[in-house]
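**Q** Sequence first, predicted model second:
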Amino acid sequence: MQVHIHTIVSEPFEENSYLVWRDGSLAAFVVDPGFQPELILDAVKENNLAVVAIICTHGHCDHIAGNAAVKQAYPEASIIIGRDDAASLTDPLRNMSAVFGFDVASPPADRVVQEGETVTVAGIPMEVFAIPGHSPGHVVYIVRDTQPPLVFGGDVLFRGSIGRTDFPGGSFAELQANIERVLWPLPENTVVYPGHGPVTTVGHEKRHNPFLV
C-alpha cells in the first residue's frame, strides 16, 4: 500500500499536522490539525482531496486548534481521539490553551478509541496503542501495511527527544515504559511522524535518543 503524507507546520508552536491519503484515492484524513488550519485546507484543495476524518493523537491545544475549521469545511469528517483525552477537546483548561491566555475548543469527538482497536479511514488501517506520559490519554496510530511501516506519534517520541512530562497528568516513567513497550518492538526502519520536528525512525531513536538509551 502506498500512502502519501503531506506535512503542514503550524505556528506558533511549530506543530506538525499531516494530510494523509492512499495512492489512487481522493479520500484523506488529517492528523492533529494545528493553529493554521487554512494551510491544511489549501493542501486538501491543491490535491483534489476530501477529508473524511480528523485523527487526534492527544488533546493538547496545539494539536486540536484546527479541528473546528476542518470540521466546518468537511462536516462529515469524524473527529477521533483516545478515550482518556476526549474531554480535552472541549475544555480549555484540560487542553492547556487557558494556560497560554486563550481558549481553544474543538467540537466533541465523534469516536473515541483505545488500545487494541483498529481504525480504518480513507482505506488505511491503523492500530491504536496507548502511550500516556505526555498526556493521560495519548495514543499513537501504527500503519503496518506500508513499506516501511509508519507511526503517527504525536508528542511521544521526537528525533533526539521525547514529549514533555511536566504537564498535568504527565509522567516520565510512564512515557519511557510505554515507548519501550509499544514502539521498540517495531521494525527498526519504522518511520515515526512526530508532533514537532523532523521525522525519525525507531532504530535511530533506540540507538541514539539520550532520554531512552
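**A** Ah, there it is. Residues are numbered from 1 along each chain as shown.
**Q** Next, the buried residues of the strand or helix carrying F129.
**A** Per DSSP states H and E: F129 is located in strand 124-130. By 16 or more other C-beta atoms under 10 Å, the buried positions in strand 124-130 come out as 124, 126-130. Any C-beta I mention is one placed from the backbone N, CA and C, and that applies to glycine too.
**Q** Output the helix or strand where F29 lies as CSV, nothing but the C-alphas.
**A** Counting by DSSP H and E, the element that carries F29 is strand 27-31. Extracted C-alpha coordinates of strand 27-31, given in CSV (Å, rounded to 0.1, in the frame of the first residue of the first chain):
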residue,chain,number,x,y,z
ALA,A,27,-10.4,10.4,0.5
ALA,A,28,-7.9,11.8,3.1
PHE,A,29,-7.6,12.3,6.8
VAL,A,30,-5.8,14.9,8.8
VAL,A,31,-3.7,14.1,11.9
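**Q** ok and the next helix or strand after that strand relative to strand 27-31, angle-wise?
**A** Sequence-wise, the next helix or strand downstream of strand 27-31 (DSSP H and E) is helix 37-46. Here helix 37-46 runs at an angle of 160 degrees relative to strand 27-31 (axes from the mean of the first three to the mean of the last three C-alpha atoms, to 10 degrees).
**Q** For helix 37-46, list every residue counted as buried.
**A** 37, 39-41, 43-44.
**Q** mind listing the strands for this structure?
**A** 3-10, 15-22, 27-31, 50-55, 78-82, 111-113, 118-121, 124-130, 139-143, 150-154, 157-158, 161-162, 191-194, 200-201 (DSSP state E).
**Q** Ranking those strands by mean neighbour count, which comes first?
**A** Stretch with highest mean neighbour count among the strands of the chain: strand 150-154 (a mean of 28; mean count of other C-beta atoms under 10 Å).
**Q** gap between S106 and D62?
**A** Going from S106 to D62 by C-beta to C-beta, to the nearest Å gives 12 Å.
**Q** G197 too?
**A** Per C-beta to C-beta, G197 is found 13 Å from D62.
**Q** When those two are compared, which one has more neighbours?
**A** Using other C-beta atoms under 10 Å as the criterion, G197 and D62 rank with D62 on top: 26 against 13.
**Q** isn't the more buried one right up against F13?
**A** Yes: with contact defined as C-beta atoms under 8 Å, D62 counts as touching F13 (4.2 Å).
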